[in-house]
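> starting from these lines, generate the structure:
(3 chains)
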Amino acid sequence: MLRFLTRRALGAIVILFLLVLLTYLAVMSLPVDQAMLNCPKGCSPQQLAIVRHNMGLDKSNFEQVLDYVKGLFVGASHGADGFCNAPCLGYSQSRHQFVIDVIMDNYPATIMLALGGSVCFLVIGVTLGMVSAWKQGSLFDTIASSFSQLGQSTQIFFVAPLAMALFVTNLHWLDKPGYTPFTEDPISSITGMILPWLVLSIIFWSNYTRQVRSLMIEQLSEDHIRAARAKGMSNRYVWWRYALRGAMAPIVTIFGLDLGVVLSGAVITEVSFGIHGLGMLAVKSVTAQDTQLELGVLLFSAAAILVFNIVVDAAYGLLDPRVRIG
Amino acid sequence: MTTPTGATTTEEDPVLVGSTDAAGAKPVELLGRTPGQIAWSRFKRNRTGVVCAVITLAYILAAVLAPVISALYGKSPYEFYGMKDSTLLDDFGLPVAPNGGMSGDFWFGITPQTGQDIFTNIVYGIRTSLGVGLIVVISSTLMGVVIGLAQGYLGGKFDYFVGRFSDMLLALPSQLTAIAFFPIVVNAIVPIDKETPTWVRLVGMWVILALLGWMGMARLIRSITISLREREYIEAAKIAGASPRRIIFKELLPNLATTILVQATLTLPAMITSAAGLSFLGVGFTSPTPDLGRMFSDAAQYYESDLTYLIFPGIALTTFVLAFNLLGDAVRDALDPKTIR
Amino acid sequence: MRLRKAAYVPAMLAISALSLTACSSGHNNKVSGDGAKSEVQNFGLGTAADSTGPAKDVAGAKPGGTAHGIESAGFDYLDPGQIYVNEYQAVSQLYSRTLTNYKVDPATGKTILVGDMATDTGKESDEGKTWTYTLKDGLKFEDGSPITSKDIKYSVERLYADYQDQGPTYVQTWLSGADYRKVYAGPYDGKDLGDDVIGTPDDKTIVFHFKEAHADAPYAMAMPNITAIQKSKDDKEKYNDHPVSIGPYKIASYEKDKSLKLVKNPNWDPKSDPIRHQYVDSWEFELGITNPLLTQRLIAGNGDDKNALTLVQNADNPSIAKIQGDLASYKDRLINKFQPFVDTFDINNTRVKDPKVRKALALAFPRAQVQKLLGGSATGDVANNLVSPTVAGWKDSDPLGLKAKPEGDPDAAKALLKEAGAENYPIVLAYANTPRWQPVAAAIQEALNNSGFKVERKELDPTSYYSTIGKKDNGFDLYRTGWGADWPQISTVVPPTLDGRTIADGSPNYTHYNSDAVNAEIDRINKIPDVKQAADEWMKLADKALLDTPKIPLTYDKFYQVYGAGLGGVAYNEVIGATDISSIFVK
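Just a heads-up that it's a prediction; the model follows:
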């Protein structure tokens, strides 16, 4: 297990490093003049030159990449904000802060969205899938599967404003969604996230419903289950003891991957509901042409996905004894 | 020839192709039912599939005939009608007529602020979405097939390194990467401080989505190729001295055709929505190009005062994606009935 | 200038909440009347008596309570040396003071320049080259140590250091020339700026020796970076996080992009201050709240928002509609005043060389329609010249004869184009690609095409809009810019935007207008020792330059916003274009 984890972690680090080089070089190719963006009112040539110098933009591209990579490993010094510890993800020109600080400010909202949302889609999806499998061919099964189809075909940027128009503007059941730290005000923290959670789960849960349904049906036709039934075990017992257990491993895999996806920033959900998380930050950094922030967010969320991929593989090994890792 | 994907082993129990040797000796019905014909007859019996096919066809027609439709209807998606006729919008740019300005002139209403016609914008928007979706699917499928085949057939170091590279791409948060890299691709064609023509944005979306979208297909093709590679008939072809080229094109590809077709059909709606998502986030198409994603980002601002603007594009996109998804399922069922849904 | 970046934040980031009617009913909101009329002030120099503290009590004011601010931006710069943006300047009034400053009467809105830390607005000698200021008694830093003339000098000295790259550069340039950083590298290596540049003969007196005469010096001394900085607390860039207070409030806590809290500064002496009060116990600013949420909160006024205001953010158009629709309930807490900004459409004079074509552009331009699209009379009046009514010497002049037809005069434009032999003249119109400017660009295109031009629209990335059009060879013919005077004298309008000798990448002379006659006039008027006389001359020059149609005047911008019903003493500083919070109390 340990060997597996080390190997995968090393692999992930190599991938991330390649990503840094690739992305930084690509971003460097943009002719955005950060100095001109930061030059104050009535910018004179002298002023422009000093702003350029202070931002370190008078260095060559090569030196800038080198500085960035160096920052990742040994940290870097940024006058106003002091020393940025390794791994230093750079300095955000639009926020005048270290990229890592900006990310950490925004990440709690993404975690809140991801955790609540994934609980929603897991619970809803698995429940619907199990009931559908139990009552195969029933009206419930048909409705659940059509609903899943619809959910899979619709878009958050359509459903989100629709849900807000209905529940916030017309029915006044909820306040305008938004993130409040749980520690600050637990109740409004949760009520502010209910709509985003549910809307986010719409596009995910249908997958679980389908998967759980077919996995359960498949499991029930397996030999060991037939044998168990033939031995006279109750349906209910077989269902919970064997079938569900057999269906667990694939579901956990999908769940882990999905969790990685939402934790790396559910961009459209965050933008639609105005939640200031990682995804929103990415969009803002692109529109503000803040290249280092852009890069930092990208790296951070890629790391989140990689970590979850490793966790998922490890969990798969633990849950399904047929799979051996190492 | 047998097709190991199972397309011929069906409940239809047809006579295998090649029975033409006894010309005229057998009844016509039993003659030469190709796998395609069998699939077609199976597809015809799937009512949902047929309905969805009709809807999809209607959308494709609308997209192709968009200029004709808008000419017949008498409105252009680019015109700012609210600016020409001051009675359409009130002082704060909201449609004067109820339901988002729906009227005999503007069937689906008009947009706030500018007073553009929503109906023609949706028709042209479908054209944009479908166009982007198609070129992306075609190119990412091509890439996926070529790379997957090469990986599976060549194996070894090549397989390993390409595999790790595709792992890296899969590790990327796709939406974030797309919004971060879109300006870079666009800039490679036109400097960012110069005006960007629409075709450049199209190319940008195409490149980004295709580059981030080929890995699934490649993995699938690779695994099937590896399993096929060991089959007797490939071995036989090799021993018979067939060139790799012949083996790939004559032996492997025909057996992969079904998988490729099904997979590609299922990717199209996903690509269309990804493209719309990009435009929604402000990268991708911008005004004045008619585009569904752009309409959503615009309409989302007015959801409280002018919900109509949101509803029509929403229904248009959801219906299309739903129809296409169901059509994809139907096609897969018809071609490959063994799959458990 | 880019004070109004917020206007460009892509609308998709702000999923709006228009609290208007539900979907199925139509909309027919009309702007009622013309809203609150802003009156014109004269912005003159106050006397020594005007400069003497304490400030006159505001009727009905009572001490205590917490005032709240809701801001769309984060306060990037708190170090007075780095402050230029009006939002930061407005908040710095709480914890910082300058040699001179503007005194706004909350009751009448009358605004004059008075001595703030200085006893008056300055005494000139040597034909305006030397300016002498005397500090008031009782000036202290936050820790109680007295402020001397050395601390004022130090505040200027540090502006020469490289890291000070955001503030205004008037005083440094006047003292040591445009390349002032080469003359002196700042005080951090132990060197002083010579006494022949800034003299401090005693603890109360400070003497500025400019290279040339500057009648505007009293106004330049009101720039936020001419203040007092405590040398022992100055740790260069890091000073930005903990500036030492010399005003009525001091910074209690500051979280970047999140919040700023200020509490009373016991070492501020009201007798020394003719402008500020210390009514409320504390100030709490919430940062990073964008429109439309910001305005909706101010309108609703729930909880703490009852005692809240915002410094510079205009209400969004739908909110303006809501306020206008129910003006009676909001008029007691509504601010609708002129800002120092004038919006213009700049013609690229290096590309459109024929003045007749430029004049035809101005004649054809649909100014009234554009004004309506941008928010109507609530947020701006149609302008006929280049000078804002918030500037001394402003006259309601109309050099191009545009007033009669604000919606544009296609026939006159066509005739003029014909005369110039330039029919179907091609124009490349650049605009920031946001929902705000898209319809504007379309309207302009339509109107100009109907007047004999052939307009091609080019959409630009909103973030880099100014740096794109700021390039000398930008390839566009027509683009919108806004400029606000730094102080209420046209000397901060005409020279920066119309002096042809300043043309460079990033220079605010976006038109590239270069007329020898105008350049010579700029030099002549700059030397006039009397600001009043100069003001009239400047206005004449602005109108004279406009006769060449370097740009098309569009609107005099206005601020339109409500504040919480629980606040009193709210005024508006038209000079810096921000809410004046120096006399605020909680009712």
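> thought residue C:201 was touching residue C:150?
No: judged on C-beta atoms under 8 Å, residue C:201 makes no contact with residue C:150 at a distance of 11.2 Å. From N, CA and C alone the C-beta is placed, and that goes for glycine too.
> okay, these two: which has more neighbours?
Neighbours were tallied for residue C:201 and for residue C:150 using other C-beta atoms under 10 Å in any protein chain shown; the higher tally belongs to residue C:150 (16 against 11).
> residues contacting residue A:30?
By C-beta atoms under 8 Å, 6 or more residues apart in numbering or on different chains, the contact list for residue A:30 reads A:289, A:291, B:183-184, B:187, B:192.
> count the neighbours of whichever residue of the stretch 51-200 of chain C sits closest to chain B for me.
For the stretch 51-200 of chain C and chain B, the shortest gap (C-beta to the nearest C-beta) falls at residue C:72, measuring 16.4 Å. Here the neighbour count serves as a burial measure; for residue C:72 (other C-beta under 10 Å) it reads 22.
> just the ones of the contacts of residue A:30 in helices?
Among the contacts of residue A:30, the members falling in helices (DSSP state H) are A:291, B:183-184, B:187.
> derive a PyMOL selection command for the buried subset of those.
Applied in PyMOL, the following selects the buried portion of the ones in helices among the contacts of residue A:30 according to 16 or more other C-beta atoms under 10 Å in any protein chain shown:
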select buried, (chain A and resi 291) or (chain B and resi 183+184+187)
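> between the ones in helices among the contacts of residue A:30, which is closest to chain C?
Of all the ones in helices among the contacts of residue A:30, the one sitting nearest chain C is residue B:183; the distance, using C-beta to the nearest C-beta, is 8.4 Å.
> check that closest one and give its pLDDT.
pLDDT recorded at residue B:183 is 80.
> which residues sit in contact with residue C:150?
By C-beta under 8 Å, 6+ apart, residue C:150 lies in contact with C:200, C:203.
> any idea how far residue C:238 is from residue A:292?
In this structure, residue C:238 and residue A:292 are separated by 20 Å, where distance is defined by C-beta to C-beta, to the nearest Å.
> go on, residue A:187?
The span separating residue A:187 from residue A:292 equals 37 Å under the rule C-beta to C-beta.
> who's more crowded, those two?
Of the pair residue A:187 and residue A:292, residue A:292 is the one with more neighbours under other C-beta under 10 Å, namely 24 against 9.
> ok, and the closest non-adjacent residue to residue B:295?
For residue B:295, the nearest residue in space outside its immediate sequence neighbours is residue B:313; the separation is 4.5 Å by C-beta to C-beta, 6 or more residues apart in numbering or on different chains.
> now do the contacts for the one you found.
So, once contact is read as C-beta under 8 Å, 6+ apart, residue B:313 ends up touching A:158, B:118, B:121-122, B:125, B:292, B:295-296, B:299.
> the residue of the stretch 101-250 of chain B found nearest chain A - how many residues pack around it?
Of all residues in the stretch 101-250 of chain B, residue B:173 sits closest to chain A, at 4.1 Å by C-beta to the nearest C-beta. For residue B:173, the count of nearby residues is 27 (other C-beta under 10 Å).
> show me where the stretch 1-150 of chain A has its helices.
Counting by DSSP state H, counting those that start in this stretch, residue ranges of the helices within the stretch 1-150 of chain A are A:2-28, A:34-38, A:45-54, A:61-74, A:99-134, A:139-153.
> quick one: residues in contact with the last one.
With contacts defined as C-beta under 8 Å, 6+ apart, helix A:139-153 is touched by A:128-129, A:131-132, A:135, A:202-203, A:205-207, A:209-210, A:213, B:269, B:318, B:321-322, B:325-326.
> and the gap between the residue sitting nearest the centre point of chain B and chain C?
Closest to where the C-alpha atoms of chain B average out (C-alpha atoms, centre = their mean) is residue B:268, at 2.0 Å. According to C-beta to the nearest C-beta, to the nearest Å, residue B:268 stands 25 Å off from chain C.
> again, but for residue B:221
38 Å.
> right, is the helix or strand harbouring that residue up against chain A?
With secondary structure defined by DSSP states H and E, residue B:221 is part of helix B:215-229. No: with C-beta under 8 Å from any C-beta of the partner chain as the measure, helix B:215-229 is seen stopping short of chain A, the closest distance being 12.9 Å.
> pLDDT of that helix, averaged?
Averaged over helix B:215-229, pLDDT sits at 87.
> do stretch A:237-254 as well
Across stretch A:237-254, the average pLDDT comes to 76.
> residue B:215 touches residue B:166, doesn't it?
Yes: between residue B:215 and residue B:166 there is a contact at 4.3 Å, judged by C-beta under 8 Å.
> so where's the stretch 201-341 of chain B shaky on pLDDT?
In the prediction, the stretch 201-341 of chain B carries residues with pLDDT under 70 at positions B:336-341.
> also chain C?
Counting by pLDDT under 70, chain C has low-confidence residues at C:1-42.
> rewinding a little: report all helices and strands that the helix holding residue B:221 contacts.
In this structure, helix B:215-229 makes packing contacts with helix B:118-154, helix B:156-171, helix B:253-280, judged by 3 or more C-beta pairs under 8 Å, 6 or more residues apart in numbering or on different chains; DSSP states H and E.
> just the pLDDT at residue B:134, thanks.
Looking at residue B:134, its pLDDT is 92.
> residue B:129 versus the residue lying closest to it once chain neighbours are set aside, what's the distance?
What sits nearest to residue B:134 in space, not counting adjacent residues and going by C-beta to C-beta, 6+ apart, is residue B:268, at 7.2 Å. Distance check for residue B:268 against residue B:129: by C-beta to C-beta, it reads 10 Å.
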